[in-house]
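Undergrad: Build me a structure from this.
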Amino acid sequence: MTGATAAGSRGPEGFCLWLTGLPSAGKTTIGRVLVERLRARGRFVELLDGDEIRKGLSADLGFDRASREAHAGRVTFVAKLLARNGAIPIVALISPYRTSRARARAEIGRFVEIYVNTPLEVCERRDVKGLYRRARAGEIHEMTGIDDPYEPPEHPEITVDAVKLRPEESAAQILHELERLGLLPADDGRRPPAGAPARPSTT
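TA: Numbering: from 1, shown residues only. As a prediction, the model looks like this:
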């Protein structure tokens, strides 16, 4: 019984996909494609978008380091509950600090860190909300990449080049890597996108 737990048997194990990168790197867009592709495979998937969660679960938090760490901690808690019940939570969260991501990995267990590697200048061009422009003008503060640091992952399981690859191609690369890591069964009908070589496992 694909994607569910039948009486007397266990369904597939859950795991967390944690997409990190600068604001406007493409995390949520890639996450939405992954949701569609994984649901098509019969998996129970939830997209945990950092901006959406801030409107509800983290509405009381600011953007200083302590608040960002607390926000990541709340997302981690929800992702852990989903993953341990067979779901695949897809976290699209800037999560700029390595300590937050390391804590999420330790708490969730089955954890895949995905670095959406988009240069700052590209993110600024993509910025539909105008946050970078406002930060450059001094209108807002503690903007990641401008006056608050972003700490890139040192050993992510997967890195996607969101400049060279379209979101659909980035998602295809991620699914291919999940198959190689043994987290998804192989789908012989797909191939990794051109220019996206497999990374050696770091787990």
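Undergrad: Within the helices and strands, which one has residue 68?
TA: Per DSSP states H and E: residue 68 is located in helix 65-84.
Undergrad: Please state the offset of that helix from the chain centre?
TA: Put simply, helix 65-84 sits 13 Å off its chain's centre (CA atoms, centre = their mean, to the nearest Å).
Undergrad: Report all helices and strands that it contacts.
TA: Contact here means 3 or more CB pairs under 8 Å, 6 or more residues apart in numbering; DSSP states H and E; on that basis helix 65-84 packs against strand 16-20, strand 45-49, helix 50-55, strand 88-92, helix 98-108. Every residue, glycine included, has its C-beta placed from N, CA and C.
Undergrad: For those, give me JSON lines that also has mean neighbour count.
TA: As requested, those are exported to JSON lines (neighbours: other CB atoms under 10 Å):
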{"stretch": "strand 16-20", "mean neighbour count": "29"}
{"stretch": "strand 45-49", "mean neighbour count": "18"}
{"stretch": "helix 50-55", "mean neighbour count": "16"}
{"stretch": "strand 88-92", "mean neighbour count": "28"}
{"stretch": "helix 98-108", "mean neighbour count": "17"}
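Undergrad: mind putting those in CSV, distance to residue 162 and mean pLDDT included?
TA: Below are the helices and strands packed on helix 65-84 laid out as CSV (distance: least, CB to CB, whole Å; pLDDT from 0 to 100):
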stretch, distance to residue 162, mean pLDDT
strand 16-20, 10, 98
strand 45-49, 16, 97
helix 50-55, 16, 93
strand 88-92, 12, 98
helix 98-108, 18, 98
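Undergrad: Dump those into TSV; add distance to residue 165 as well.
TA: As requested, these are exported to TSV (distance: least, CB to CB, whole Å):
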stretch	distance to residue 165
strand 16-20	14
strand 45-49	19
helix 50-55	22
strand 88-92	16
helix 98-108	22
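Undergrad: closest to residue 62 out of the ones you listed?
TA: Shortest distance between residue 62 and the helices and strands packed on helix 65-84, using CB to CB, is found for helix 50-55: 10.2 Å.
Undergrad: what does the closest one rub up against?
TA: 28, 61, 71, 74, 75, 78, 91, 92, 93, 94, 95 (CB atoms under 8 Å, 6 or more residues apart in numbering).
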